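Q: coordinates only, no sequence provided:
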């Protein structure tokens, strides 16, 4: 259909969509950067979605039962900013639109969670949004099962582009959604045939319709500029019992000289072409001008949402006070009072019984007491349930016939799992954790980074943390991954030494509101080292003195994490036996140690004594700072760890061959003492 | 079909396959670890493949025109070790099989490239093998176009499991192979319905047949235990003009008590069950015993390959000496003599004209002179060709009608690109490089790690290297990625400061034989700093003195990389103007600097002067060591860089707001001087 005909066929719709297109052109022109074509191409779909289907209340953006709208193709950020401004989200003012992509504006180049009230997740790295959406939709199912349909009953809508569908993580998401029949997940594919390098067909000829169908999706194909087709397709998608994909055939940069070209993907800033496009739209030529009647129609959509919200609030008060409290507490991410009690009790039991277990088992012990008192946890594993020890008896398995189940078999999909867990956290009311081998954080990294950037407390349970993996060999033995995790801003990397530290790490991870945690756990058994159960959460200080020399006799400080702390304790025993006063510092979380005040850090790591760091990983993971000293040479120092990749052999042999032994630590310490 | 019937229907075949099954059981039992079920399930497919189809010569494992056999489901490593031992690869002795998974043995837990002559790629991290295979098959197409079908004409066979197909990277591989009609790629899917957590259907119900067809593959479904069906399917697959997937319905751990169960996936070590399984197979009960007649039949397959190889050698001598030389040189990874000359010439031109360009543009300038003299390079980008500057005019585009094209439009598939590039490198005779934004190394990381582990020189071109990205914001601004790359063993991370350093980095990357390189390049323009074109490759020393203080007057050393070196030079000018003698050290590759002898390192970074490190990234990326000093306190020090994620705003504003400025460097230096 010609553009003129489109405008004529649905004049009211056209004007509303034109407002998005014009705002996009103006904002990108003002910023002299950005992506014009996608919002211009998908304006019709978004307009119909917001007008006819999306349940949202601009005056209460965090209303728990709102529909979630996810712009997986995050480069088209002006689409969502336009929608939020037009419908009346208070934080998205016209000034913010005018300051698109500028310092201090909330309207960042890509939509960022926490900046803008109506942005549900940070997107831009392609494929993340569609994979987050699986978690959003699962969270909705689980909460609906727990709280009932009158409280939880919303859809998750995604706008995804060709880039999202080419990224491998999308397949993981599609497979999961199909397997779990997430019927309230609706993906609107911006099928515009264009990528940055040219036609999609340059790099892909996949039949996306068949691909989605192969994973059990309901699929429709429509003209993405025809409001009636869009409306009908979304209506139909809502009624199926499968996840839905609507292939929306669109023209990128519709109505602009760059329409249907790669150029149209980017920043369209030419003044004449801009004016001509506005002419085509019938939009005002003035920059950032939206006709009052059009703005009013958009705001009316928001107002309708406020009514729906009011109805919901009434229904919400009809459920029991206990249920209301639980619901609100979970969304506030507040821990129930019982959590501290079960943690204290477990620490006491462990301190008394002193089990020798792998910290992955310690983690299971902690989860076994925590999950029953924290109904918002959702566990899972990327097909390593028995190895990651992530499943506790009370959770139940999430499935099509058990929507309240709180354990997810994610399959061999580390990336999809991590992204979906982020989606659950973002949805609200959920605290997901999921496991794989620590080495395969590599697969999950794009999503782990976004958890840090978004400041959300997703928990990654990473077992098999070093050469302690043994025979599986270097493909499965992390050496650089502690460094990778620790280098990532706003993340906690816990490598606990025993069951007490593991329990403390879980307590921190599950009470954190803004920081994701990675629990790095052993395959092999470790002794219990912390036996004073009355101690507070020492892991919260990041590092602490586990065993000390006699006053005035300290010559050596051994600093270690995880499985190497017990090795440090053995080395200490030998050194002390030789009259060499030795302190052992356990350092389960370098990031938290760095957050302590300097006085504390210097108390734990005073100058004077020689220092030996011990960790079965490369030194790059923050050790230089601890060993060389923050203010220069505070000590002679050495590091006992890995300098390259591991090998395939029994774990005990590997520690021996790579020199991560008590003997070597003792020798290094004595060598430093001269 | 009952097992007894299978054995009876094809007794010769059965015995050969039984040898694989028995060796697997024995090796896993001896190691008391490993994965028995997969080799036992896929023994029939592998036997038919090796007997009837695979072109290989155990006496010349690196024969360039061999078929490539890739065990993507690498946990089933005993399958490939059995095959190599049985057919007579000299390094895979029975002793090696007996020492499966032990220290010093080449028979690692997962097959490792470089350890075993018949292992084409390291697998274990799932999905990597099938994605490598795309690169293998592309390399074959490109070389066939260059050298002719009588020299290059081989297949790439992959055995992939459910895990490989669930990993997202497999979708990227499937899409690429379908798009490029890689008809000599044949994937044998071990369709056994079992994963570690249980039935595949627990986590996935994708119709894999439809999924592959949706991307343009030829698909067949067979009984994976029927040798006639297997043979017919492979024969058919070889004749189609599409990539082929053969869905082989198999029983994991066939014939063992654990058949068709998750338990069967792991180590089957129970002695009685082992004996019973051998009974079913009709295999000798003695550990590691292979009947002489069976071994002889396996060795005969290898001998047939030697004949085919001899024929090929004859054909090879019939092509021109020049072609022979080019072919052998590329496989030896030797650089042509012309390379040094074009590099020298470009450095001279640049030193004279002193262009102010982004290093991504510098990289294009280097490639423009290198690609014409290095016919084994294959360029590409994950849909960012114009941004990564990876395409030079002479390459031609690889496509179905241009198999000799040396530029690949990878699509939005960073992970698939990196894994396929590894496959090209592993294939031999190719030097692939491919680009994306540096931030999206996150997506490619699993493959980048394997390049390091395998010791292969794949080149990753990573542009948009810092907050210099500007308005796209923190999702697109790397801050931790230099730390991530530098923490990975056996890798070079280059962050060049100008066109000369960029050219030098390319020279190192394209002459490296055992180390992958990551070139970290700017979006924004940088001045030319190196103007003495007669200098040798200073980047090869990792770090060097770019500008110095007068003798005896050095008070300050500024150490910087990439875009911050010019900032250091400006700061130096200001400090020198104030009478403060200042040295600037450019540090384009910390890994290479660390490889220099201590005398050189101390010459570049002598004690005494205060040190300021400058890099628009987090300090974790190796800075502590450079600043705090290797042997303790050599200097007062400070770091000017990032402490968290970036933001969305014009690049200049961001450098200002985050304090990465000349003024701040000068102030820090003076502050340290007191």
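A: Good, I have the coordinates. Owing to the predicted nature of the structure, the values given are computational and were not obtained by experimental measurement.

Q: low-scoring stretches of chain A, by residue?
A: A:1, A:630-635 (pLDDT under 70).

Q: and the closest residue to chain B within the stretch 301-450 of chain A, what does it touch?
A: Across the stretch 301-450 of chain A, no residue is closer to chain B than residue A:411, which sits at 3.0 Å (CB to the nearest CB). Placement of C-beta: from N, CA and C, glycine included. Contact analysis of residue A:411 by CB atoms under 8 Å, 6 or more residues apart in numbering or on different chains lists A:172, A:175-176, A:179, A:382-383, B:166, B:195, B:197, B:202-204.

Q: at 7 Å what do you get?
A: In this structure, residue A:411 makes contact with A:175, A:382-383, B:166, B:203-204, judged by CB atoms under 7 Å, 6 or more residues apart in numbering or on different chains.

Q: try residue A:460
A: A:418, A:434, A:441, A:444, A:448, A:516, A:518.

Q: now do 10 Å
A: Going by CB atoms under 10 Å, 6 or more residues apart in numbering or on different chains, residue A:460 touches A:414, A:417-418, A:421, A:432-436, A:438, A:441, A:444, A:447-448, A:451, A:485, A:491, A:493, A:509, A:516-520.

Q: and the stretch 1-150 of chain A, which residues reach chain B?
A: Applying CB under 10 Å from any CB of the partner chain, we find that the stretch 1-150 of chain A lies next to chain B at A:31-35, A:74-75, A:77, A:99-112, A:115, A:122-128, A:131.

Q: drop anything exposed from the residues you listed.
A: A:31, A:33-35, A:74-75, A:77, A:99-102, A:105-112, A:115, A:122-128, A:131 (16 or more other CB atoms under 10 Å in any protein chain shown).

Q: note down every partner strand of the longest strand belonging to chain A and its orientation.
A: The longest strand of chain A (DSSP state E) is strand A:610-618. Applying DSSP bridges to the sheet, strand A:610-618 is found paired with strand A:554-560 (parallel), strand A:637-642 (parallel).

Q: just name the most buried of the ones you listed.
A: strand A:554-560 (a mean of 25; mean count of other CB atoms under 10 Å in any protein chain shown).

Q: chain center to that strand: distance?
A: On the basis of CA atoms, centre = their mean, to the nearest Å, strand A:554-560 is displaced by 37 Å from the centre of the chain it belongs to.

Q: next secondary structure after it?
A: helix A:563-577 (DSSP states H and E).

Q: tilt between that following helix and strand A:554-560?
A: 160 degrees (axes from the mean of the first three to the mean of the last three CA atoms, to 10 degrees).

Q: if we can go back for a sec, the residue of the stretch 301-450 of chain A closest to chain B belongs to a strand?
A: No. According to DSSP: H, G, I helix; E, B strand; the rest coil, residue A:411 belongs to no strand; its state is coil.

Q: does residue A:301 lie in a helix or a strand, and which?
A: helix A:292-317.

Q: same for that helix, what does it pack against?
A: Contact analysis of helix A:292-317 by 3 or more CB pairs under 10 Å, 6 or more residues apart in numbering or on different chains; DSSP states H and E lists helix A:11-31, helix A:37-48, helix A:77-87, helix A:321-332 as its packing neighbours.

Q: let's go with 6 Å and repeat that
A: The helices and strands touching helix A:292-317, judged by 3 or more CB pairs under 6 Å, 6 or more residues apart in numbering or on different chains; DSSP states H and E, are helix A:11-31, helix A:77-87.
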